[in-house]
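In: What follows is a protein structure lacking sequence information:
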């Protein structure tokens, strides 16, 4: 929840950052260079910050309250946004492309909840945008029998796509695995253990950098196998 809340707050900053400069990224190419300019090649500090911020909440409902506040702010900002271009993370995108990237990211994190019926499913529109994004990055349509959800999970690296003709990936397999399975237990962690924590998180950071590219590479393999 903290990761998504911070993202929504960042999104508000992008919505109001109008610019006359020409767009240099679209809703798909943005993901090829998805790295805030102030982070360089090291995601560890950001991961540690998110963990420690999360641990500062005494109850999950308090984090949820902040998430709701951020979501309400995003709704108001998007409703007031005018067509044009925005500056975001060192790039310029058309407003529609910018909003599409966030629809896709939020759909992915919605799917990270693991299909809990209490939270429902991402909207059909956001899943269609996710599929279109993955197909644009893969450079070809994905198998028609794959649902939009399956395409988005595979393209984001949550579910490894199969490279045979046996069928699509299992939507439930590997969901959150890249992040959660690699994380050590959170209980008993203290700031004084930062050096050890940083070593542990290094594996998560490296995996996070490679996961999306690996998912797209496997999708290309699927396409080539089906051609043969």
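Out: Sure thing, it's come through. Bear in mind that the values here come from a model prediction, so they are computed numbers and not experimental data.
In: those helices in the chain, which residues are they?
Out: 2-15, 44-55, 60-80, 95-111, 124-138, 148-155, 194-227 (DSSP state H).
In: Distance to residue 32, mean neighbour count and mean pLDDT added to those helices, as JSON lines?
Out: No exception for glycine: its C-beta is placed from N, CA and C like everyone else's. Formatted as JSON lines, these follow (distance: least, C-beta to C-beta, whole Å; neighbours: other C-beta atoms under 10 Å; pLDDT from 0 to 100):
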{"stretch": "helix 2-15", "distance to residue 32": "18", "mean neighbour count": "18", "mean pLDDT": "94"}
{"stretch": "helix 44-55", "distance to residue 32": "19", "mean neighbour count": "16", "mean pLDDT": "85"}
{"stretch": "helix 60-80", "distance to residue 32": "25", "mean neighbour count": "13", "mean pLDDT": "94"}
{"stretch": "helix 95-111", "distance to residue 32": "12", "mean neighbour count": "20", "mean pLDDT": "95"}
{"stretch": "helix 124-138", "distance to residue 32": "7", "mean neighbour count": "19", "mean pLDDT": "96"}
{"stretch": "helix 148-155", "distance to residue 32": "13", "mean neighbour count": "25", "mean pLDDT": "93"}
{"stretch": "helix 194-227", "distance to residue 32": "9", "mean neighbour count": "16", "mean pLDDT": "52"}
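In: Save those as a markdown table, and put in distance to residue 117 too.
Out: Listed next are the helices of the chain as a markdown table, based on distance: least, C-beta to C-beta, whole Å:
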| stretch | distance to residue 117 |
| --- | --- |
| helix 2-15 | 20 |
| helix 44-55 | 24 |
| helix 60-80 | 18 |
| helix 95-111 | 13 |
| helix 124-138 | 17 |
| helix 148-155 | 15 |
| helix 194-227 | 26 |
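In: Roughly how far does residue 53 sit from residue 65?
Out: 14 Å (C-beta to C-beta, to the nearest Å).
In: Now do the closest residue to residue 110 other than its chain neighbours, the pLDDT please.
Out: The shortest distance from residue 110 to any non-neighbouring residue, by C-beta to C-beta, 6 or more residues apart in numbering, is to residue 122 (4.4 Å). Residue 122 is assigned a predicted lDDT (pLDDT) of 94.
In: check contacts around residue 122.
Out: 106-107, 110-111, 130, 149 (C-beta atoms under 8 Å, 6 or more residues apart in numbering).
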